[in-house]
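Enquirer: Quick check, what structure comes out for this input:
(chains A and B)
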Number of protein chains: 2
Amino acid sequence: MTTLPRPSDIDMLGLAFDEDPHRGRFELAQHLARPDGALYGGTAIAASVVAMEAATGRPALWLTTQFVASARVGEVIEVTTDVLAEGRRIAQIQVSGRAGGRVVFMSLGSTAYPRDGGMEGQYQAMPRVAGLEESGGTPFGPGRMPDSPPGFTMHVEYRRSEVQGDDEPGAPVVVWARMTDGRPLTPATVAFLADMVPAAIVRAAVPNADEMGPAWATSLDNSMRFGTVEPEEEWILLEMRGHLATGGSAHGSVFVWTPDGVLVAVGGQSANMLHGAGPATAGRPPMEGTGGT
Amino acid sequence: MTTLPRPSDIDMLGLAFDEDPHRGRFELAQHLARPDGALYGGTAIAASVVAMEAATGRPALWLTTQFVASARVGEVIEVTTDVLAEGRRIAQIQVSGRAGGRVVFMSLGSTAYPRDGGMEGQYQAMPRVAGLEESGGTPFGPGRMPDSPPGFTMHVEYRRSEVQGDDEPGAPVVVWARMTDGRPLTPATVAFLADMVPAAIVRAAVPNADEMGPAWATSLDNSMRFGTVEPEEEWILLEMRGHLATGGSAHGSVFVWTPDGVLVAVGGQSANMLHGAGPATAGRPPMEGTGGT
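Expert: Now for the predicted structure:
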């Protein structure tokens, strides 16, 4: 069985744990931030995954990370893990992230040893999509201002794909994604790559969304549920849908696939939707969470 | 705007709040428990919804409730709400439920005032299903032992329906559901009725699941995201899917519809899957959460 936490995840986040693995910290580096220098939601959920795995020695099964406040590049984020219940197989866990004493994110989730002979299965199929070579013509990823640093996209590549034979309303947004630094695929990197559902909601809701850019939805949370994640995988496909919007908030979901059609994760996110003003008039993207509400 | 918390929700749960609405409590009555006398997960998430709404005066937008430990009929559950961040429109909240000092459930979520002129939309359609009169021939709901009390099904009715023209693998489990006591539909009652995804996972995974009963999956959590919930609605349709199982754990999701095809909520749950032994040999259903792992 894999020893947890994985060194490659620790290295990605720059996480340092105390001798007691219930406490750790990392500096918010450029490659963990959004292009505007604020904490990237995918970093908060990835750090929560690693903290849960470090405290229990078991792989992450599911978690929800709530984005409470922002943090800026250079700040140190203290990660504290409370194991609320620990059974023989499954542990129930809470993780908090704090910067300068204020709560930045909170997470709830489970880690679980696989049960020998336990149920295994996949009950749906990957959509047929354009392959890697035919994908990437349409930009995908966070909007960037001129001269802004790349943020977390420094080590990430997204290639917008297309569902084949499905132009109907309700068709998902499909995007190939990978870490470009040769890092193995883990629940933490899957969560890091897949924090993109609000961008899909924007595209479902706003016909000219590609011109507006994905920054116009700010995530409130990210909930991920993991299957078996094989470290030798490189590319994953994000199949994302916006479900509904109400009073300026919206909900969406993601299925995460390997190129061979193995479902490795499912997720959901809610977001604060900001539309009606393009990035050119409104300046830099608003913060995650409630800061701008 | 509706005054929150809603009296009908307070009444359903028997919730009593202090003068400070961040603290309240309710007794785990029979109609809030499973037939085996343990806390029903739908009660934990419904109580969390009402606590969030009471503390902030805003309607619930999304929440995740983690089932940490069980509680028994007759125990008093103390509900404590911490508002982690409060913007003009959106609040980020944590709720805990404790019985006899031990943590029974933890929740994270947001409440939000609707924004005037904010984004509204629905980006998918309800499946065509058999109507109420043609539904209910196949039993659905928690397994019951002879002479066991009805538990939460006392005031709930489920009618198993069928998707029309779709017998393929991956077809959802569709179930009509309502409160039978004339209670208005609210985010809390939607959450109470919809805590049924593990039953759908069992049906996706195990061909003879109808004989085994839904009790053989125990929820670890429930995550719900709400649209506009109109109080005059009575019946809702639960469209549920199992996505995958790994090492004895599994994940699924639910879309909640009005009979007219309005999407009122989307949700996800993870569960500990117990199979290979039928209820006749294994006695009463296991507890929620990690107690039996």
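Enquirer: Can you tell me, leaving aside adjacent residues, what's nearest to A:A200?
Expert: A:M240 (3.4 Å; C-beta to C-beta, 6 or more residues apart in numbering or on different chains). Yep, even glycine has a C-beta here, placed from its N, CA and C like the rest.
Enquirer: What does the pLDDT read for A:R203?
Expert: Predicted confidence (pLDDT) for A:R203: 80.
Enquirer: I misspoke; the intended subject was A:G278.
Expert: For A:G278, pLDDT reads 43.
Enquirer: Report the secondary structure state of the residue nearest to A:A200.
Expert: Secondary structure, DSSP: H, G, I helix; E, B strand; the rest coil: A:M240 is strand.
Enquirer: Make sure I have this right: A:E230 is in a helix.
Expert: No - residue state for A:E230 (three-state DSSP) corresponds to coil; a helix is not indicated.
Enquirer: Quick check: it vs chain B, distance?
Expert: 12 Å (C-beta to the nearest C-beta, to the nearest Å).
Enquirer: Tell me which helix or strand A:T64 sits in.
Expert: strand A:60-67 (DSSP states H and E).
Enquirer: wait, what's in contact with the closest residue to A:R183 other than its chain neighbours?
Expert: In this structure, A:R183 finds its nearest non-sequential neighbour in A:S8, 5.3 Å apart by C-beta to C-beta, 6+ apart. Residues near A:S8 by C-beta atoms under 8 Å, 6 or more residues apart in numbering or on different chains: A:183-184, A:186.
Enquirer: Quick check: A:S8 is in a strand.
Expert: No - assessed with three-state DSSP, A:S8 is helix; it does not lie in a strand.
Enquirer: which helices and strands sit right next to the strand holding A:T64?
Expert: helix A:41-56, strand A:90-99, strand A:102-112, strand A:221-226, strand B:90-99, strand B:102-112, strand B:221-226 (3 or more C-beta pairs under 8 Å, 6 or more residues apart in numbering or on different chains; DSSP states H and E).
Enquirer: by contact count, what packs against the helix or strand hosting A:A204?
Expert: In this structure, A:A204 sits in helix A:197-205 according to DSSP H and E. Judged by 3+ C-beta pairs under 8 Å, 6+ apart, helix A:197-205 is in contact with strand A:173-179, helix A:209-212, strand A:217-219, strand A:236-246, strand A:249-257, strand A:263-273.
Enquirer: which stretch in these is the model least sure about?
Expert: In terms of average pLDDT, helix A:209-212 trails the rest of these, at a mean of 53.
Enquirer: contacting residues around the most centrally placed residue in chain A?
Expert: Centroid-nearest residue in chain A: A:D195, 2.8 Å away (criterion: C-alpha atoms, centre = their mean). Listed by C-beta under 8 Å, 6+ apart, the contact partners of A:D195 are A:40-42, A:45, A:219, A:222, A:269.
Enquirer: Is it in a helix, a strand, or coil?
Expert: Quick answer, by three-state DSSP: A:D195 is coil.
Enquirer: State the distance from it to chain B.
Expert: 16 Å.
Enquirer: Leaving out sequence neighbours, find the closest residue to that residue.
Expert: A:D195 sits nearest to A:G42 (C-beta to C-beta, 6+ apart), 3.5 Å away.
Enquirer: What separation do you get for the one you found and A:M179?
Expert: Note on A:G42: its distance to A:M179, by C-beta to C-beta, to the nearest Å, is 11 Å.
Enquirer: Quick check: neighbours shared by those two?
Expert: Contacts common to A:G42 and A:M179, judged by C-beta under 8 Å, 6+ apart, are A:192-193.
Enquirer: quick one: which of those two has more around it?
Expert: With neighbours defined as other C-beta atoms under 10 Å in any protein chain shown, A:G42 and A:M179 compare such that A:G42 has more, 24 against 21.
Enquirer: Hmm, that one is touching A:L193, no?
Expert: Yes - if you go by C-beta atoms under 8 Å, A:G42 and A:L193 touch, sitting 6.9 Å apart.
Enquirer: Where does the prediction get shaky in the stretch 1-150 of chain A?
Expert: A:1, A:143-145 (pLDDT under 70).
Enquirer: still on that earlier bit, closest one to B:V264 among the helices and strands packed on helix A:197-205?
Expert: Closest approach to B:V264 among the helices and strands packed on helix A:197-205 (C-beta to C-beta): strand A:236-246, 8.5 Å.
Enquirer: Which strands and helices lie in contact with the closest one?
Expert: Partner elements for strand A:236-246 (3+ C-beta pairs under 8 Å, 6+ apart): strand A:173-179, helix A:187-193, helix A:197-205, strand A:249-257, strand B:121-122, strand B:263-273.
Enquirer: Write out the residues of the stretch 51-200 of chain A neighbouring chain B.
Expert: Proximity of the stretch 51-200 of chain A to chain B, by C-beta under 8 Å from any C-beta of the partner chain, involves residues A:61-62, A:64, A:66-69, A:84-92, A:94, A:103, A:106-110, A:112-115, A:117-125, A:169-170.
Enquirer: Quick one: buried ones out of these?
Expert: Neighbour-count burial (16 or more other C-beta atoms under 10 Å in any protein chain shown) applied to those gives A:61-62, A:64, A:66-69, A:84-87, A:89-92, A:94, A:103, A:106-110, A:112-115, A:118-124.
Enquirer: tell me the secondary structure for the residue in chain A sticking out farthest from the centre?
Expert: The outermost residue of chain A relative to its centre, with distances by C-alpha atoms, centre = their mean, is A:G117 at 30.3 Å. Assigned with three-state DSSP, A:G117 falls in the coil class.
Enquirer: What separation is there between it and B:G247?
Expert: As for A:G117, its distance to B:G247 is 9 Å (criterion: C-beta to C-beta).
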